[in-house]
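> missing the sequence, but the structure's below:
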Ligand code: SAM
Ligand code: SF4
């Protein structure tokens, strides 16, 4: 029996986030500049076979949940057959997806068949014009259609809302009202300094500011969701769904962080705020076997920094200034 992955601070690592592409059909202002972001060459990013092999290795090391992210996962051809393969891995990891929802509606039946149950859908506004102001694209209706269809088909839906002062923060109550008759979780995310253009969105509105806004309008009560959860959860009594706050910039959850990230090129990150700690893509391509790769992963995990502040301080120069290659 293989020992599970535990870092040098005693944190069990059982959750892998895999960025399958750095391309996207939106240009969210907190994530990408309007123009001029260079996409990676196709041969730079992990092939589906390489991504599968690394996922298999991580599952053999005790990873129980794999989240597919990007960029926008659904812009890459071959995603669904890949998900089907992942779902058949021995150990049957939970397969989740984070998506902007624009291309989702047509794939929902197939996802259900594959066994995907949970979808995190990013939707920063309930107003078409504000949506355009944030994403610089006009696919708003497609997302609403996808969210509603996902709900009807029985997926567990979480809506991710990055809250930006002066742009969508006035919609916080509207998003809370969405949870009255639907069992969705709406999660408000603190902006983080990964906008592909110098990090200007960092920390304009903290999670505590968001909570104060909630409390000024609603009688919210905390909901317990386990100490490993990344969102602090609340509920308006009588409402079906929940409201979450993700303290991504304040970094409140590092002490219980169970996440590993694989970039589109196959670099391993043990913290969102740090640089890659291991180039697994290069190890694969140089012909290394599973035993060597597993040993390298354990070695990297054994040197994990204690939290996102230490990881940020350790940077000489940041490899990633946008979430597109590391998946958020
Ligand atoms: N394209 C998909 C989407 O938007 O859901 C998946 C990739 S996206 C990078 C993953 C998550 O990161 C999304 O919920 C997005 O809102 C969030 N994100 C991206 N840039 C961010 C930033 N600078 N601060 C906070 N969250 C960010
Ligand atoms: Fe694309 Fe997601 Fe980034 Fe928006 S947050 S630009 S949808 S990758």
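Arrived safely. Every value quoted in this text rests on a predicted model; they were computed, and no experiment measured them. Ligands and ions are numbered 1, 2, ... in the order given.
> Please verify my assumption that residue 143 contacts residue 99.
No: counting by C-beta atoms under 8 Å, residue 143 stays clear of residue 99, with 9.2 Å between them. To be clear about C-beta, it is placed using only N, CA and C from the backbone, and glycine gets the same treatment.
> Please enumerate the shared neighbours of the two.
residue 121 (C-beta atoms under 8 Å, 6 or more residues apart in numbering).
> which non-adjacent residue is nearest the closest residue to ligand 1 within the chain?
Closest to ligand 1 within the chain is residue 328: 2.5 Å, counting by C-beta to the nearest ligand atom. Excluding its sequence neighbours, the residue lying closest to residue 328 (C-beta to C-beta, 6 or more residues apart in numbering) is residue 69, at 6.0 Å.
> Touching, residue 104 and residue 122? I think so.
No: in this structure residue 104 lies outside contact range of residue 122 using C-beta under 8 Å: 10.8 Å.
> Output the set of residues of the stretch 51-200 of the chain in proximity to ligand 1.
69-70, 72, 98-100, 122, 160, 162, 189, 191-192, 194-195 (C-beta under 6 Å from any ligand atom).
> hang on, residue 74 is in a strand, isn't it?
No: Residue 74 sits outside any strand when classified using DSSP: H, G, I helix; E, B strand; the rest coil, being helix.
> which residue packs closest to it, ignoring adjacent ones?
residue 103 (3.9 Å).
> wait, what's in contact with that neighbour?
Residue 103 neighbours (C-beta under 8 Å, 6+ apart): 25, 72, 74, 75, 142.
> pretty sure the fourth one is touching residue 24, no?
So the one you mean is residue 75. Yes: Residue 75 is within contact range of residue 24, at 6.6 Å (criterion: C-beta under 8 Å).
> Which positions in the protein make contact with ligand 2?
24, 26-28, 31-32, 70-72, 100, 122, 323-324.
> and if we set it to 5 Å?
Counting by C-beta under 5 Å from any ligand atom, the residues of the chain lying close to ligand 2 are 24, 26, 28, 31, 32, 100.
> quick one: which two of these are the most distant?
32 and 100 (11.5 Å; C-beta to C-beta).
> Quick check: neighbours shared by these two?
What both residue 32 and residue 100 touch, as defined by C-beta under 8 Å, 6+ apart, is the set 24, 26.
> of the two, who's got more company?
residue 100 (28 against 23; other C-beta atoms under 10 Å).
> per-residue confidence at the more buried one?
Per-residue pLDDT puts residue 100 at 98.
> Thought residue 122 was touching it, still the case?
Yes: look at residue 100 against residue 122 with C-beta under 8 Å: they come within range, at 5.0 Å.
> so what's in contact with these two at the same time?
residue 28.
> does residue 324 really touch residue 37, like I thought?
Yes: with contact defined as C-beta under 8 Å, residue 324 counts as touching residue 37 (7.5 Å).
> Low-confidence bits of the stretch 51-200 of the chain, can you list those?
Along the stretch 51-200 of the chain, segments meeting pLDDT under 70 span 198-200.
> let's see it at 50
For the stretch 51-200 of the chain, not a single residue meets the criterion pLDDT under 50.
> those helices in it, which residues are they?
79-87, 108-114, 128-135, 140-152, 172-178 (DSSP state H, counting those that start in this stretch).
> With distance to residue 58 and mean neighbour count as added columns, please give the ones you listed in TSV.
Shown next, in TSV, are the helices of the stretch 51-200 of the chain (distance: least, C-beta to C-beta, whole Å; neighbours: other C-beta atoms under 10 Å):
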stretch	distance to residue 58	mean neighbour count
helix 79-87	11	18
helix 108-114	19	15
helix 128-135	32	17
helix 140-152	27	17
helix 172-178	34	17
